[in-house]
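Colleague: Give me the fold of what follows.
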Amino acid sequence: MNFFSQTSRMGRLTTALGEDVLVLMRFEGEERVNGLFTYHVDCLASADDIDFDALLGTHATVTLRTHDGSDKPFDGIISEARWMGAGENGHRYRLTLKPWFWLASLRRNQRIFHNKTVIDILAELLGAYASAGKMEPRLTLDYPELEYTVQYRESDMDFAARLMERHGISYHFEQDSGSHLMVLTDIVESHATIGARPFKPYDGHHQEEIEHFWEWRPARRITTGAVRLTDYNFKTPTAAMETNSSSSSTYAQGQIESFDWPGDYLDQGRGDVVARLRSEGETGQDRRFEAQGDIPALGAGLRVTLGGEPLPGTGEDYLCLVAHHSYTSDNYGSGGEEGDGYTYTGRYVLLPADAPLVPELKTARADVKGPQTAVVAGDGEIDCDEYGRILVQFHWDLDAAYSMRCRVSQSWAGNGWGGMVIPRIGMEVVVEFLDGDPDKPLVTGCVYNGKKMPPAALPLHSSRSTFKTNSVDGEGFNELTFEDKAGAEFVYLHAQKNLDMHIENSSQRRVEFDDAVSVGNDSMLSVAANRTVSVEGDMGLTVIGALSEKIDGNHGHKVGADFSLQTGGDLTLKAGGEIVIDASKITLVAGSSAVVVQGGAVNVAPVLNVGNASPGAAAIPAIPTVLKAAAGEGSPFVSHCPLKDEA
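Modeller: A predicted model of the protein is given here:
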């Protein structure tokens, strides 16, 4: 049974435990634009066994009745609950309330988003918390599609905050009974207003019939007056990327410039937007108004107009950036309801409505500390684009989202020349990150692992340096190996199919010992000019089939000793001109016949002039081969006498 009632109270507490199980005693909290609110609620219960499990993670709402009789809710998720002790009127508890967005700080993740705007990413990211609260964009600007965005070792909340800060998006929470809404804006005009509240100076009593300010203090500060940025896009390496933006500050030192690189953009048009956001973010830190009053309706993210007595800024609109609420009610007596005295004080930090609203860049990027390894991913066996960029899957990528197309470091890279080796699907590669940015991966090498082993057995062949490829969609390979083991050095070259060499000028090759060439099929040599072959020893040529020579010019043989030509079949000599044989003696033998030309005489067998010399001619010497053949055929042997023929 509950002994307490909040029915007639200025402040009330509602929880999942039911009506008046916990009743409000004190409420204090701070809320801010682009930040989390924290509400501390001191409450009272008649029971000493409040079920904390039934409270934690649920919504609780503090409702304060304002001067005009309307209710102002302060809703949050109960993140902490504790028993504070017992008193004469009951058990005291303290609850801590935070926005549902705070739940996103409890989840740390690594994930990849492809081709999404910042709004798309936030919707997907925070949609996981839809049961606790909703998000509503009220944006006026267009936001570019981002090719590749990585959440790396950071909480969902930090990742979301970092993205919003990067793109100039602010957020705040609109309160309702039992819920609160996360609202995204990019201009002050998108924020709701509570209308005008007057300024009335403090007169010893804070509670008036109407809500009002009793303190109002303008403040200024020096900020960076100009921003200059530049960046680099490898697709347009010579494009002008420098951009700048300046504020309109007129005070001394108001134009101090800040230069930064990289500027976080890929073209100068986007660079102009980024520079403007950075500059406006600085300008927005300049003017502030600090105020106190009793305006529970004024919370972070709401606009108000200053009325009342003339002050600097009277009649102007302001956006509340920070609101600190403090409420205390009279204690509940043992009877449960007596006493309705209360005090409420609010402290506020306000921004002039004509000042730019750009969130401060305060959420640090989760930099990648050093290189990582990843596995090449994609379609087929090799998957690259026109720049040789590949896809990789990081070991922490549990969703198989893959990376963006990563450039691959090569040994040399010129305009149409250099080195190019594309890592293949399944290889483990080393990935660096430019400036530590997880959004900017660069593949710098490959490493072997237990599944992808080196081409030579190690450490047995540790003296070998090898470059070995693998045929795509096949079983073959190309290989170049250097063996540097002393006394066993060699260079091995293997071409799985063709080997093409093109040399624009000279080529020299010297073999100090043996040289062997084996050709499994045809061999062709084409020489555009002269060819010289010099053999200091013997040279042999064996042709199993036919040998054909075609010589368009002259053909000459010079033999320093004997020359022998032997054929197993016919021998045909055909000349378009003369056939000249220049020798001291010529002998032609065909079977048992012979022709001998020597010393100005020509003698023909089988009628052979053997041994006798005619006048002015020497006798034909006896040729054993001819004599033997003539004797076998019965041919006569005669001695020729030219004088007798003349008679």
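
Colleague: Grab the longest helix from the protein for me.
Modeller: Across the chain, the longest stretch assigned as helix under DSSP state H is helix 268-283.

Colleague: pLDDT wise, what is the nearest residue to Trp102 once chain neighbours are set aside at?
Modeller: Leaving aside its sequence neighbours, Trp102 sits nearest to Leu36 (C-beta to C-beta, 6 or more residues apart in numbering; 5.3 Å). For glycine as for every other residue, the C-beta is placed from the backbone atoms N, C-alpha and C. In the prediction, the pLDDT value recorded for Leu36 is 98.

Colleague: cool, and the one 4 residues further on?
Modeller: Here the pLDDT value assigned to His40 is 98.

Colleague: list the helices and strands the helix or strand containing it packs on?
Modeller: According to DSSP states H and E, His40 maps onto strand 38-45. The helices and strands touching strand 38-45, judged by 3 or more C-beta pairs under 8 Å, 6 or more residues apart in numbering; DSSP states H and E, are strand 23-32, strand 59-65, strand 71-87, strand 90-98.

Colleague: can you tell which of these is closest to Ala132?
Modeller: strand 71-87 (6.2 Å; C-beta to C-beta).

Colleague: what about the closest one, average pLDDT?
Modeller: Regarding strand 71-87, the rounded mean pLDDT is 95.

Colleague: what's the burial count for the spatially closest residue to Tyr93 that is not a sequence neighbour?
Modeller: Distances taken as C-beta to C-beta, 6+ apart place Cys43 nearest to Tyr93, at 5.2 Å, with adjacent residues excluded. Using other C-beta atoms under 10 Å, Cys43 has 25 other residues around it.

Colleague: Was I right to think Cys43 contacts Phe27?
Modeller: No - the criterion here is C-beta atoms under 8 Å, and Cys43 misses it with Phe27 at 9.1 Å.

Colleague: neighbouring contacts of stretch 376-384?
Modeller: 390-393, 400, 402-403, 422-429, 472-473 (C-beta atoms under 8 Å, 6 or more residues apart in numbering).

Colleague: Just the buried subset of those, please.
Modeller: 390-393, 402-403, 423-424, 427-429 (16 or more other C-beta atoms under 10 Å).

Colleague: residues in contact with Asn415?
Modeller: Neighbour list for Asn415: empty [criterion: C-beta under 8 Å, 6+ apart].

Colleague: in its sheet, what does the strand holding His40 sit against?
Modeller: Partners of strand 38-45 in the sheet, by DSSP bridges, are strand 23-32 (antiparallel), strand 90-98 (antiparallel).

Colleague: what about those, which gets the closest to Gly293?
Modeller: Nearest to Gly293, of all the strands paired with strand 38-45, is strand 23-32, at 15.5 Å by C-beta to C-beta.

Colleague: ok, and what's touching that closest one?
Modeller: For strand 23-32, contacts defined as C-beta under 8 Å, 6+ apart pick out 4-6, 9, 11-13, 37-45, 62, 64, 74, 92, 97, 172-173, 299-300, 321-329, 331-332.

Colleague: pLDDT below threshold where in the stretch 301-450 of the chain?
Modeller: 333-341 (pLDDT under 70).
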